[in-house]
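Peer 1: have a look at this prediction, sequence included:
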Amino acid sequence: SAVISQKPSRDICQRGTSLTIQCQVDSQVTMMFWYRQQPGQSLTLIATANQGSEATYESGFVIDKFPISRPNLTFSTLTVSNMSPEDSSIYLCSAETGVASGANVLTFGAGSRLTVL
Amino acid sequence: SQQGEEDPQALSIQEGENATMNCSYKTSINNLQWYRQNSGRGLVHLILIRSNEREKHSGRLRVTLDTSKKSSSLLITASRAADTASYFCATPRGGFKTIFGAGTRLFVKA
């Protein structure tokens, strides 16, 4: 199965700054997804990133706050812009790595734990 | 937004006991998946069950699906301390998105 490398694994950031999270897959994948997970909570989908097109954002998430790049079939970045303490979360990159009869199986990176002071 | 609700929210058992987690969802689905998340790590896919299946096994895992009740259960038999993790059910939405339930935090005491 695919391996996803995500970095940074953790960071402490100052309010008002921006941070870019990188996600590298060891094989080509069509669809990548970015999730946010607040401490002790479930995952919330931020956006879907396909190569060659703009990311599709879920309700409550906007491109100005969370710009995403998808320059090729193995790489994506998520930027958390103008951070506030409310952005303190784990951000998870995932890729669709198994499709069987319409079922999309996801592989995840280890996550990036951001703390905003 | 979350698709499913899971119960219990947290479960603490002794090593060797069985652990059962339940998931309910709201919309019609063609499959349901379970994932595990060890503390501070990414999620790992455990098992997938399709809507035309009622039960599926994988090692010590048994998953059931009741589409009439829009619910699923995950049973871990003969639990081990290494099974300590959070478990999430996941359902498809919009054809290619995956939405996760609230999760059950399992603690297995050695």
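Peer 2: Great, that's in hand. Numbering: from 1, shown residues only, chains lettered A, B, ... in the order given.

Peer 1: let me know the pLDDT of the residue lying closest to A:Thr17 once chain neighbours are set aside.
Peer 2: Closest residue in space to A:Thr17, ignoring its immediate chain neighbours: A:Met83 at 5.9 Å, by Cβ to Cβ, 6 or more residues apart in numbering or on different chains. For the C-beta atoms, the positions are set from N, CA and C on the backbone; glycine is no exception. Here, the pLDDT recorded for A:Met83 equals 97.

Peer 1: contacting residues around A:Thr107?
Peer 2: A:1-4, A:25, A:94-95, A:97-98, B:45 (Cβ atoms under 8 Å, 6 or more residues apart in numbering or on different chains).

Peer 1: can we see that at 6 Å?
Peer 2: Residues in contact with A:Thr107 (Cβ atoms under 6 Å, 6 or more residues apart in numbering or on different chains) are A:2, A:4, A:95, A:97.

Peer 1: counting neighbours, what do you get for the residue in chain A that chain B sits nearest to?
Peer 2: Closest contact between chain A and chain B, by Cβ to the nearest Cβ, is at A:Phe108 (3.4 Å). By other Cβ atoms under 10 Å in any protein chain shown, the residues close to A:Phe108 number 23.

Peer 1: from B:Leu106, how far out is it?
Peer 2: With distances taken as Cβ to Cβ, to the nearest Å, A:Phe108 is found 19 Å from B:Leu106.

Peer 1: B:Ile49 too?
Peer 2: For B:Ile49, the distance to B:Leu106 - Cβ to Cβ - is 19 Å.

Peer 1: how about the closest residue to chain A within chain B: what's its closest non-neighbour residue?
Peer 2: For chain B and chain A, the shortest gap (Cβ to the nearest Cβ) falls at B:Gly42, measuring 3.4 Å. Among residues not flanking B:Gly42 along the chain, A:Phe108 sits closest, at 3.4 Å (Cβ to Cβ, 6+ apart).

Peer 1: again, but for B:Leu48
Peer 2: B:Gln33 (4.7 Å).

Peer 1: state the phi and psi torsions of the residue of chain A closest to chain B.
Peer 2: Per-residue torsions, A:Phe108: phi -110, psi 150 (degrees, to the nearest 10).

Peer 1: so what's it scoring on pLDDT?
Peer 2: pLDDT, A:Phe108: 96.

Peer 1: please apply the same query to A:Ala103.
Peer 2: Per-residue confidence (pLDDT) for A:Ala103: 70.

Peer 1: can you check A:Gly40 too?
Peer 2: Listed pLDDT for A:Gly40 reads 85.

Peer 1: same question, B:Gly95
Peer 2: Here, the pLDDT recorded for B:Gly95 equals 69.

Peer 1: residue nearest the middle of chain A, spatially speaking?
Peer 2: Closest residue to the average C-alpha location of chain A: A:Trp34 at 3.0 Å, with Cα atoms, centre = their mean.
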